[in-house]
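Asks: Turn this into a model:
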Amino acid sequence: MLIHRVLAGAAALSVALTGAAAPCARAQAPLSGFDAYVARSVKDWNVPGLAIAVVKDDSTVFAKGYGVRKLATRDSVNVHTLFANASTTKAFTSFVVELMADEGKLRMNAPVLTYLPAFHLSDPVATRQITIADLLSHRTGVPEADYIWYDDTSSFPEIMRRLSYVPFNAPVRSHFEYQNITYALAGNIAAERAGTTWEKLVQERILTPLGMRETFTDTPDEKAHPNIAFPHDYVNDTVRVIPRYATDNIGPAGAMYSSVSDMAIWMRFLLDSARLGGKRVLSARGYADLFAPHILVSDKEFYPTAKLTHTRFQAYGQGWFLEDYHGEFVAFHTGSIDGMVAIVGLIPERRLGVVVFANRDHAELRHALMYTAFDRYLGGPKHDWSAEMRPLYAGLREEGKKAERKIDAEHVTGTQPSLPLARYAGVYSDSLYGTATVKLEGKKLVVSFGPLSAADLEHWHYDTFMAHWHDAYRGRQLMSFRLADDGTVLGLAIGDDVLFRREKPKS
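Replies: Model (predicted):
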């Protein structure tokens, strides 16, 4: 049946004996020359390593790895190499939530308060209105607040407590607002209703039945899993290895790791209407719910690629972005976390799916390869999407550099801090943003935001300092100390909206 890890013929033998990444021997005529195209594109986009699989009907028709897992090594990527799923994890979460609905353990349109009486956000009326379905479709009205969990070791209850201070951007169900924390909440509620953890729920209800042995619900230990890709990003315009970042504190929104071999199993399962052994795992109602357009997505909130693919509609289902492409309905989702990217794309009516993993931050080659694979089966106009999308994303990168140059142009030279550096040292806090600690180390100030994030503060002008992050790929950021009329330090400002207020020293 469909749940078989199939790399037929000589290709399967090659992988089994050597672990090498080879094109699937069952590759059909539509994919003629696709291997060479991918290999060339990987070099053009300066991506250290990439893996891709294409499925059609009940077969994996192409699967191969390119490049290396880690720069300066000969550790090749193959079809079993583990990469970060990042936000492609959300499709697994929405699936198990719908399973719980099938079993009567929760209702999709029931208020979150039905299952979590302690749930509260900044607007009490909206808090009462938000449903499970709203959580899965990013339509709560709560804006992105990744600063709460990113680079933070706080527990999920603490993350939810801080989320309650975030003001709403829009009324419930009126606007698409991508929100990782509320998505994680949906997964945790489903797990609680099942009497288990989200990790065990996904393992027991999806991964084990499908035989997905190369998929994990958290960040794998590099020592225990040697065939794992390392994250990379640009540091001073040079691609370098960067630290691995875990998202386990919001696991249902983006913590999983997998291989393209296993993700091919997942795609074939979904493209067969979630059947296993000929029987539905998820009801027809639940399956349709995953891919139904629950909220429209504006151009501003969608992907830049739409400028080239000319979509006529853009929406979000449950764990899936939805669009049209050459008259076909497409469901897809990207995943991005520091130094790693993913994309999973499905054309359900054609039973066609593509997964791409890569180990360079925001390597948007993923979009180009997805559409290229689609083109091979849809026919119609031919595009060199790799060549067409490179200038698009290069332009966006250049916009970022312009912002950096603007900061440099506004630098006022010849000024001094108002106070001796030691006077700026202290603990600064905010109910929403947490705690920032400023210390004098030798002759420089160092600011830290919890145990994972720290930066050296270089005087810029007046009482503004340039923070140079210790993780150099994060670049730099201006931070300003605010002073009272009497010369005491009131707080530490980041941008125009964030102010950490200085705590009084404990006596």
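Asks: only C-alpha atoms for contact and neighbour calcs from this point on.
Replies: Noted.
Asks: For the lengthiest helix in the chain, give me every contacting residue.
Replies: In the chain, assigned by DSSP state H, the helix with the most residues is helix 385-409. For helix 385-409, the external contacting residues (C-alpha atoms under 8 Å, 6 or more residues apart in numbering) are 41, 45, 304-305, 308, 364-365, 368-369, 371-372.
Asks: For R482, state which of those is nearest.
Replies: Among these, P304 lies closest to R482 (C-alpha to C-alpha), at 37.8 Å.
Asks: and the longest helix of the chain, how far out from the chain's middle?
Replies: With C-alpha atoms, centre = their mean, to the nearest Å as the basis, helix 385-409 stands 21 Å off its chain's centre.
Asks: what does stretch 64-80 give?
Replies: Using C-alpha atoms, centre = their mean, the offset of stretch 64-80 from its chain centre is 22 Å.
Asks: Let the chain start at 24 from now.
Replies: OK, 24 is where the count begins now, so the last one is stretch 87-103.
Asks: got the CA coordinates for that stretch in PDB?
Replies: The C-alpha coordinates for stretch 87-103 follow below in PDB (Å, rounded to 0.1, in the frame of the first residue of the first chain):
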ATOM      1  CA  LYS A  87      18.200  12.800  -3.700                       C
ATOM      2  CA  GLY A  88      20.600  14.700  -1.500                       C
ATOM      3  CA  TYR A  89      23.000  17.400  -2.600                       C
ATOM      4  CA  GLY A  90      26.000  19.000  -1.000                       C
ATOM      5  CA  VAL A  91      27.200  18.500   2.500                       C
ATOM      6  CA  ARG A  92      25.700  18.400   6.000                       C
ATOM      7  CA  LYS A  93      28.400  20.700   7.300                       C
ATOM      8  CA  LEU A  94      30.800  23.000   5.500                       C
ATOM      9  CA  ALA A  95      34.500  22.100   5.500                       C
ATOM     10  CA  THR A  96      33.600  18.400   5.800                       C
ATOM     11  CA  ARG A  97      32.900  15.600   3.300                       C
ATOM     12  CA  ASP A  98      29.700  14.600   5.100                       C
ATOM     13  CA  SER A  99      27.300  14.300   2.200                       C
ATOM     14  CA  VAL A 100      23.600  14.900   2.400                       C
ATOM     15  CA  ASN A 101      21.500  11.900   1.500                       C
ATOM     16  CA  VAL A 102      17.800  11.000   1.500                       C
ATOM     17  CA  HIS A 103      18.000  10.000   5.200                       C
END
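Asks: what's next to that stretch, contact-wise?
Replies: With contact meaning C-alpha under 8 Å, 6+ apart, stretch 87-103 is reached by 42-47, 62, 65, 70-76, 86, 104, 237, 250-254, 263-264, 282-285, 382.
Asks: Restricted to strands, list those.
Replies: Among the contacts of stretch 87-103, DSSP state E puts 72-76, 86, 263-264 in strands.
Asks: Which strands and helices lie in contact with whichever strand or helix holds L345?
Replies: If you go by DSSP states H and E, L345 is part of strand 344-348. Packed against strand 344-348 by the contact rule (3 or more C-alpha pairs under 8 Å, 6 or more residues apart in numbering; DSSP states H and E) you find strand 337-339, strand 351-360.
Asks: Pick the most buried one from the ones you listed.
Replies: With neighbours taken as mean count of other C-alpha atoms under 10 Å, these reach their highest mean count in strand 337-339, at a mean of 23.
Asks: Run me through the strand neighbours of that one, direction for each.
Replies: Here strand 337-339 has these sheet partners by DSSP bridges: strand 318-319 (antiparallel), strand 344-348 (antiparallel).
Asks: Mind listing what's buried along the longest helix of the chain?
Replies: Within helix 408-432, the residues that count as buried by 16 or more other C-alpha atoms under 10 Å are 408-409, 412-413, 416.
Asks: go on, stretch 192-205?
Replies: For stretch 192-205, by 16+ other C-alpha under 10 Å, it's 193, 195-196, 198-205.
Asks: taking the residues you listed one by one, which sit in strands?
Replies: Among the buried residues of stretch 192-205, no member lies in strands (by DSSP E).
Asks: Of those residues, just say which sits nearest to E167.
Replies: Q202 (4.9 Å).
Asks: Just to check, that closest one is in contact with I171?
Replies: No. Assessed by C-alpha atoms under 8 Å, Q202 is found out of contact with I171, at 11.4 Å.
Asks: related to what we said a few turns ago, any chance of the helices and strands packed on strand 344-348 in CSV, plus distance to V225?
Replies: Listed next are the helices and strands packed on strand 344-348 as CSV, based on distance: least, C-alpha to C-alpha, whole Å:
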stretch, distance to V225
strand 337-339, 22
strand 351-360, 18
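Asks: I'd like the ones you listed as a markdown table, with mean pLDDT and distance to P180 appended.
Replies: Output for these, formatted as a markdown table (pLDDT from 0 to 100; distance: least, C-alpha to C-alpha, whole Å):
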| stretch | mean pLDDT | distance to P180 |
| --- | --- | --- |
| strand 337-339 | 98 | 27 |
| strand 351-360 | 98 | 22 |
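Asks: Would you tell me which of the ones you listed gets closest to L230?
Replies: Of the helices and strands packed on strand 344-348, nearest to L230 by C-alpha to C-alpha is strand 351-360, at 19.0 Å.
Asks: Could you tell me the average pLDDT over the helix or strand that that closest one is followed by, please?
Replies: Of the helices and strands lying after strand 351-360 in sequence (DSSP H and E), the nearest is strand 363-370. Strand 363-370 shows a mean pLDDT of 98.
Asks: now for strand 363-370, which elements pack on it?
Replies: strand 106-107, strand 351-360, strand 375-381, helix 388-401.
Asks: Indicate which one of those is closest to H143.
Replies: strand 351-360 (27.9 Å).
Asks: could you check the angle strand 375-381 makes with the closest one?
Replies: Here strand 351-360 points in a direction 20 degrees away from that of strand 375-381 (axes from the mean of the first three to the mean of the last three C-alpha atoms, to 10 degrees).
Asks: List the strands paired with strand 351-360, with their directions.
Replies: Strand 351-360 is paired, per DSSP bridges, with strand 344-348 (antiparallel), strand 363-370 (antiparallel).
Asks: Most tightly packed of those?
Replies: strand 363-370 (a mean of 26).
Asks: Looking at strand pairing, list the partners for L501.
Replies: Beta-bridge partners, per DSSP bridges, of L501: M489.
Asks: Can you check the pLDDT for it?
Replies: For L501, the model assigns a pLDDT of 97.
Asks: same thing with P474?
Replies: Taking P474 on its own, its pLDDT is 83.
Asks: which element is it on?
Replies: P474 belongs to no helix or strand, assigned by DSSP H and E.
Asks: Please report how far it lies from L313.
Replies: 38 Å (C-alpha to C-alpha, to the nearest Å).
Asks: Neighbour count for the two, which is higher?
Replies: L313 (21 against 9; other C-alpha atoms under 10 Å).
Asks: give me the number of residues near the nearest residue to the more buried one once chain neighbours are set aside?
Replies: Nearest residue to L313, sequence neighbours excluded (C-alpha to C-alpha, 6 or more residues apart in numbering): Q341, at 4.7 Å. Burial measure for Q341: 29 neighbouring residues, criterion other C-alpha under 10 Å.
Asks: Assign Q341 to helix, strand or coil.
Replies: Secondary structure state of Q341, per DSSP: H, G, I helix; E, B strand; the rest coil, is coil.
Asks: who touches it in this structure?
Replies: Q341 neighbours (C-alpha under 8 Å, 6+ apart): 114, 117, 156, 159-160, 312-315, 317.
Asks: May I see the strands paired with strand 351-360 arranged in JSON lines, with distance to I273 as well?
Replies: Below are these laid out as JSON lines (distance: least, C-alpha to C-alpha, whole Å):
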{"stretch": "strand 344-348", "distance to I273": "20"}
{"stretch": "strand 363-370", "distance to I273": "17"}
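Asks: Many thanks, have a good one.
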